[in-house]
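J.: Please work out how this folds:
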Amino acid sequence: MPTPEASTDTPAPVTRRRPTFPAGLAFTGGAITFTSLYLGAGAPTPLLVLYEEQWRFPPAVLTLAFAVYAIGFLTALLTAGSLSDHVGRRPVLIGALAVQLASIVMFLLAPGIGWVIAARIVQGVATGAATSAFTAALVELAPPSRKRLGTILGSVGMTGGLAVGALLAGIAIQFTAIANTLIFTVLTIVTILGIVVVALSPETVTRAPGALRSLIPRVAVPPVARREFAAATPVIAAIWMLAGLSLGLAPTIVRSVFLLDSGLLNGLCGFIAPATSAVTGVVFARFSPRRAMLIGIYASIAGALGIVTGVLAGSLALMIIGQVIAGVGFGAAFSASLRLIFPLAAAHQRAGIVAGIYVVAYVSFGLPVVIAGQLAAPLGLVSTVAWYGAVTVLLSLVGLIVRRSLLGRSDTDRLNPTVASNGS
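T.: Numbers count the residues shown, from 1 in each chain. Below is the predicted model of the structure:
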């Protein structure tokens, strides 16, 4: 403790607090910035068809350019997914947005499809690194009485951003001659503003040791959650395959099967399923997860059959109706799977479960689209879509059978009352 004389001779240093936005403004700005990441991820859906027309590459390369996003996303999610718990939300988010800015510049300057593929990987890294940090930050920045709103915005921001990104890109292609430049210039501005918002937002996490250890990928499902995880796996695979069909293959179907060269239609086909999913996720939050899961499975089966029937019959309207129903299935089943699995694990085990769920999801989102792109030439696009839809229906039926089997067992008797009530 300094003496009075010492404190008089040596003035204490003045600590200046870093200026920050109020929590409400930071919350709103963070939600918009998070949505813009997925808006950027959805924008290439109709643009890839435009690139194919400009650069004359094979359709299989188009599906590869779409699917490599999943590689970057998973790599970042598995390594940096829990980094913000140790170093803080702000550093991780600023770094991820800087990477996103680099991917946007790559899209702007791309002289060929090789640059676009690289940009998609970098874009996936940015989104994967930011997703868990943003979803946590939105809950932490939300007003005390609105924490549920933070959770909802974290979910809706993903699917809603993908939907709006695809639609806006389609509109730009339809009505301007500089769609690529326009889209990514706007995204550049939004991303820079997002960096400013994050930099001026209050930090919600105290630094903790273990940052380097957190970079080691961990996919772990505790024994108590394995049965529920296994039951949800085929359903998660089916609904994410259908999401890949809508975002990765639908624009090609519009041009090659229905012979319609329309950026607006391409954007609409990329918009309709994730938009429906975003709305459904909010609506079905009031349903019990088991009921929502069953409804989601039935809707996924109906949606897949609608899409395939529309393609086989040459009816674009029927295909779009199928996409709407598939979007309902995704929104209901995916949120239900999270609500069924998460309560079964302790807090320190949930990062491993999140990793496991997203490995299943993004492998199902990307890999089948690449395989479909390779099969389209020898089998024909219509036959490929039919087989693709058949696989999703089969997975959904497997999930339904397993789900019915679980409902017929008295497993809840072995669980403690809290877990049983959370999972039902």
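J.: Would you mark the buried spots in stretch 283-292?
T.: Using 16 or more other C-beta atoms under 10 Å as the test for burial, stretch 283-292 gives 284, 285, 287, 289, 290, 292. Quick note: C-beta positions are derived from backbone N, CA and C, even for glycine.
J.: Could you single out the nearest of these to residue 105?
T.: Comparing the buried residues of stretch 283-292 against residue 105 with C-beta to C-beta places residue 285 closest, at 37.8 Å.
J.: if we can go back for a sec, and the buried residues of stretch 283-292, which two are the farthest apart?
T.: Going by C-beta to C-beta, the pair spanning these furthest: 285 and 290, at 14.1 Å.
J.: still on that earlier bit, restricted to helices, list the buried residues of stretch 283-292.
T.: 289, 290, 292 (DSSP state H).
J.: returning to that earlier point: TSV please, covering the buried residues of stretch 283-292 and showing pLDDT and distance to residue 271.
T.: Below are the buried residues of stretch 283-292 laid out as TSV (pLDDT from 0 to 100; distance: C-beta to C-beta, whole Å):
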residue	pLDDT	distance to residue 271
284	86	20
285	81	22
287	88	25
289	89	27
290	91	30
292	92	23
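J.: now, which of those sits nearest residue 20?
T.: residue 285 (31.0 Å).
J.: Poorly predicted segments of the stretch 51-200 of the chain, please.
T.: Along the stretch 51-200 of the chain, no part satisfies pLDDT under 70.
J.: can you map out the helices along it?
T.: Assigned by DSSP state H, counting those that start in this stretch, the helices in the stretch 51-200 of the chain fall at 59-80, 84-87, 89-109, 113-141, 147-175, 179-199.
J.: Output the second one as PDB, restricted to C-alpha atoms.
T.: The C-alpha coordinates for helix 84-87 follow below in PDB (Å, rounded to 0.1, in the frame of the first residue of the first chain):
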ATOM      1  CA  SER A  84     -13.700 -17.900 -28.000                       C
ATOM      2  CA  ASP A  85     -14.400 -19.500 -24.600                       C
ATOM      3  CA  HIS A  86     -10.700 -19.000 -23.800                       C
ATOM      4  CA  VAL A  87      -9.600 -15.800 -25.600                       C
END
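J.: so what secondary structure elements neighbour it?
T.: helix 89-109, helix 113-141, helix 211-214 (3 or more C-beta pairs under 8 Å, 6 or more residues apart in numbering; DSSP states H and E).
J.: how much does the longest one deviate in direction from helix 179-199?
T.: Yep, that's helix 113-141 we're talking about. Note on geometry: by axes from the mean of the first three to the mean of the last three C-alpha atoms, to 10 degrees, helix 113-141 and helix 179-199 are set 30 degrees apart in direction.
J.: can you give me the helices for the stretch 201-350 of the chain?
T.: Counting by DSSP H, counting those that start in this stretch, the helices of the stretch 201-350 of the chain are 211-214, 223-244, 250-256, 263-283, 289-313, 316-341, 350-379.
J.: Span of stretch 37-51 from start to end?
T.: 21 Å (C-alpha to C-alpha, to the nearest Å).
J.: Oh, that last question was meant for stretch 198-207, not what I typed.
T.: Stretch 198-207 has an end-to-end distance of 17 Å (criterion: C-alpha to C-alpha).
J.: Give me the buried positions along it.
T.: Judged by neighbour count using 16+ other C-beta under 10 Å, the buried positions of stretch 198-207 are 198, 201, 204, 205.
J.: Which among the helices and strands packed on helix 84-87 is found nearest to residue 298?
T.: Across the helices and strands packed on helix 84-87, closest to residue 298 is helix 113-141 (C-beta to C-beta), at 28.2 Å.
J.: in that closest one, what's buried?
T.: 113, 116-141.
J.: What is the distance between it and the centre of its chain?
T.: 9 Å (C-alpha atoms, centre = their mean, to the nearest Å).
J.: Going by contacts, tell me the helices and strands next to that helix.
T.: helix 23-42, helix 44-55, helix 59-80, helix 84-87, helix 89-109, helix 147-175.
J.: ok, now which ones touch residue 182?
T.: 172, 176 (C-beta atoms under 8 Å, 6 or more residues apart in numbering).
J.: before we move on, what about the one 5 residues further on?
T.: With contacts taken as C-beta under 8 Å, 6+ apart, residue 187 has the following neighbours: 36, 39, 40, 43, 104.
J.: For residue 405, pull up the helix or strand it's in.
T.: helix 381-407 (DSSP states H and E).
J.: That helix vs helix 59-80, what angle?
T.: Counting by the same axes, to 10 degrees, helix 381-407 lies at 30 degrees to helix 59-80.
J.: got the angle for helix 381-407 vs helix 316-341?
T.: 30 degrees.
J.: as a whole number, average confidence for helix 381-407?
T.: For helix 381-407, mean pLDDT rounds to 93.
J.: in it, what counts as buried?
T.: Going by neighbour count (16+ other C-beta under 10 Å), the buried part of helix 381-407 is 381-382, 384-386, 388-389, 391-393, 395-396, 398-400, 402-403, 406.
J.: again, but for stretch 211-227
T.: Per 16+ other C-beta under 10 Å, stretch 211-227 contains these buried residues: 211, 214, 221, 225, 227.
J.: And the furthest pair within those?
T.: Among the buried residues of stretch 211-227, 211 and 227 lie farthest apart (C-beta to C-beta), at 33.6 Å.
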